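Q: Pasting a predicted model and its sequence here:
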Amino acid sequence: MPSIPSLLTALPLLLALLGLTALAFSQMWLPIVAQAPLAADPHALTIFAFCPAGKTPAQFAFFPWEGVNHQVCTLTNFFMHTLLSAPSGYAIGLDLACSLPAPLLALYLESLRPGTALPLRIPLLWLFLYQNLGMAVVAPLYYACLLLLPPSPSPSRSQPRAAVPHSKVEAVAFGLLAGFALPTAAMFASTDHRVYAAWQFFPLFVGTAIALYPRLRRAAPPSASASAKDKDSLPLIRTLYLLAIAASSLAHLYVLGTALLSPSAAPLSLPSALAALARVYLPQPLPAAHAVPQHLHTTLTNFFKWDYIFVGASTTLAGLVALGQTGRGAPVLLNPLRWLAAVVLGLALGAGAVMGHVWLLREEALGRAREAERAQGKEAKKA
């Protein structure tokens, strides 16, 4: 049973994460919920008008269940109208999508880490909630489980979390490439509603690819399969996080360049640059009239913008706490230059770069803690 001091230490973190969930829900969902009474109004342009309850358009009849078709229709139209019609929708959608590999990598690695608490071993459940409620709403709850539930073998926080086996890290890499990166690239390159509808099932694609990878690996030459068994997984994890940081950074720089240097942009100056970045990244006030397209477009892009903001905030906060829990994070957490670098990194390269950097530091700290534990074990045997 946890001690009173440990409970008192955990309580502020729990309240902070629950507060982020509540705040994200209020900013992202209350404007949409407020439009629900207007669903039957033919003059009101809302997301509810595209998929009326019980009257899902025929082109979305993918499954024999009306409820599933209606939800797929709603999600598909949500993404299509945001990315294809709303001003700044494509830009913030691209930056958001390219920032997700870092938190997704952390989620899948934790699900496969030996001794992980049971709720964290079911990534499909968390991703189902992500898809239907928004990652910003659900991610703090996931991080609360990760940070506050002890690993299964021991309730002690002094023992470093076990390493993820190299073969499982390979499976995660394959799964995210085949199940997330490729469908996401296809969606951003397409205007077909079927491609957008298929993307909604990327958690199933990733899970299936991870499950199939061991069979593909067994088909590899015996020497390659044998050599992968006892490899240290940290170098591969480091490579995956660096790739996630690179993908997010390139997307963010592209969005920045497009916003600042597009032909329609005002002559470049500090005020015009700040105004352009605010249009892309900061939620905007909703127009009063529900019948104008701008009201729907602003509602949708605000949802993506809040998602980007809260996912970045909760994932970075959780990563810093997880780094502190390793017992090896003091050189980073107590270094003001590191904090300054994180701010500059976030502004220049985006939230995904910050998230990937923090969780990479946590993995490296875990690696150092495990190495120190092994060294102590060897010294104990010699004694």
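A: Everything's here; your move.
Q: Tell me where the stretch 51-200 of the chain is predicted with low confidence.
A: 152-160 (pLDDT under 70).
Q: Ramachandran coordinates for P287?
A: phi -60, psi 150 (degrees, to the nearest 10).
Q: Quick check: the gap between it and L296.
A: 10 Å (C-beta to C-beta, to the nearest Å). For glycine as for every other residue, the C-beta is placed from the backbone atoms N, C-alpha and C.
Q: which of the residues in the helix or strand A247 falls within are buried?
A: Per DSSP states H and E, A247 falls inside helix 234-261. Within helix 234-261, the residues that count as buried by 16 or more other C-beta atoms under 10 Å are 234, 236-237, 240-241, 243-249, 251-252, 255-256, 258-259.
Q: Which other helices and strands does that helix contact?
A: Judged by 3 or more C-beta pairs under 8 Å, 6 or more residues apart in numbering; DSSP states H and E, helix 234-261 is in contact with helix 89-99, helix 101-112, helix 166-176, helix 270-281, helix 336-349, helix 351-382.
Q: Give the other helices and strands that the longest one contacts.
A: Taking 3+ C-beta pairs under 8 Å, 6+ apart as contact, the helices and strands that helix 351-382 lies on are helix 89-99, helix 101-112, helix 234-261, helix 293-325, helix 336-349.
Q: Pull out the buried positions in that helix.
A: Result for helix 351-382 [16+ other C-beta under 10 Å]: buried residues 351-367, 369-370.
Q: between it and helix 293-325, how big is the angle?
A: 20 degrees (axes from the mean of the first three to the mean of the last three C-alpha atoms, to 10 degrees).
Q: got the angle between helix 351-382 and helix 270-281?
A: Going by the same axes, to 10 degrees, helix 351-382 makes 70 degrees with helix 270-281.
Q: tell me the mean pLDDT over helix 351-382?
A: The average pLDDT within helix 351-382 is 87.
Q: Would you mind putting the CA coordinates of stretch 255-273 into CSV?
A: Extracted C-alpha coordinates of stretch 255-273, given in CSV (Å, rounded to 0.1, in the frame of the first residue of the first chain):
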residue,chain,number,x,y,z
VAL,A,255,4.2,25.4,-42.1
LEU,A,256,6.2,28.4,-40.8
GLY,A,257,7.7,29.1,-44.2
THR,A,258,4.3,28.8,-45.9
ALA,A,259,2.7,31.1,-43.4
LEU,A,260,5.4,33.7,-43.6
LEU,A,261,6.4,33.6,-47.2
SER,A,262,3.2,32.8,-49.2
PRO,A,263,2.3,35.2,-52.0
SER,A,264,-0.9,36.2,-50.1
ALA,A,265,1.0,37.1,-46.9
ALA,A,266,1.7,40.7,-46.0
PRO,A,267,5.2,42.1,-46.5
LEU,A,268,7.5,40.4,-44.0
SER,A,269,7.9,42.2,-40.7
LEU,A,270,7.8,41.3,-37.1
PRO,A,271,4.1,42.3,-36.7
SER,A,272,3.0,40.6,-39.9
ALA,A,273,5.0,37.5,-38.9
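Q: Residues in contact with it: which ones?
A: With C-beta atoms under 8 Å, 6 or more residues apart in numbering as the test, stretch 255-273 has contacts from 91-92, 94-95, 275-277, 279-280.
Q: For those, which two are the farthest from each other?
A: L94 and A275 (20.1 Å; C-beta to C-beta).
Q: who's more crowded, those two?
A: L94 (18 against 13; other C-beta atoms under 10 Å).
Q: residue contacts, the more buried one?
A: Contacts of L94 by C-beta under 8 Å, 6+ apart are 188, 251, 254-255.
Q: Format the residues you listed as TSV; extra columns: distance to S111.
A: Shown next, in TSV, are the contacts of L94 (distance: C-beta to C-beta, whole Å):
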residue	distance to S111
F188	27
A251	25
Y254	31
V255	30
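Q: how close does the residue lying closest to L107 once chain neighbours are set aside sit to L109?
A: Excluding its sequence neighbours, the residue lying closest to L107 (C-beta to C-beta, 6 or more residues apart in numbering) is P123, at 5.4 Å. Per C-beta to C-beta, P123 is found 10 Å from L109.
Q: what's near enough to touch R113?
A: By C-beta under 8 Å, 6+ apart, the neighbours of R113 are 161-164.
Q: ok, of those residues, which come out buried?
A: 161, 163-164.
Q: List just the nearest of the residues you listed to L176.
A: Nearest to L176 among those, with distances taken as C-beta to C-beta, is V164, at 13.9 Å.
Q: sec struct for the closest one, please.
A: coil (DSSP: H, G, I helix; E, B strand; the rest coil).
Q: Angles on the backbone of it, please.
A: phi -80, psi 130.
Q: again, but for I122
A: Dihedral angles for I122 - degrees, to the nearest 10 - are phi -120, psi 70.
Q: now it, nearest residue through space, not along the chain?
A: Nearest one to I122, counting by C-beta to C-beta, 6+ apart, is S111 at 7.2 Å.
Q: go on, L320?
A: Using C-beta to C-beta, 6+ apart, the nearest residue to L320 is V358, at 6.0 Å.
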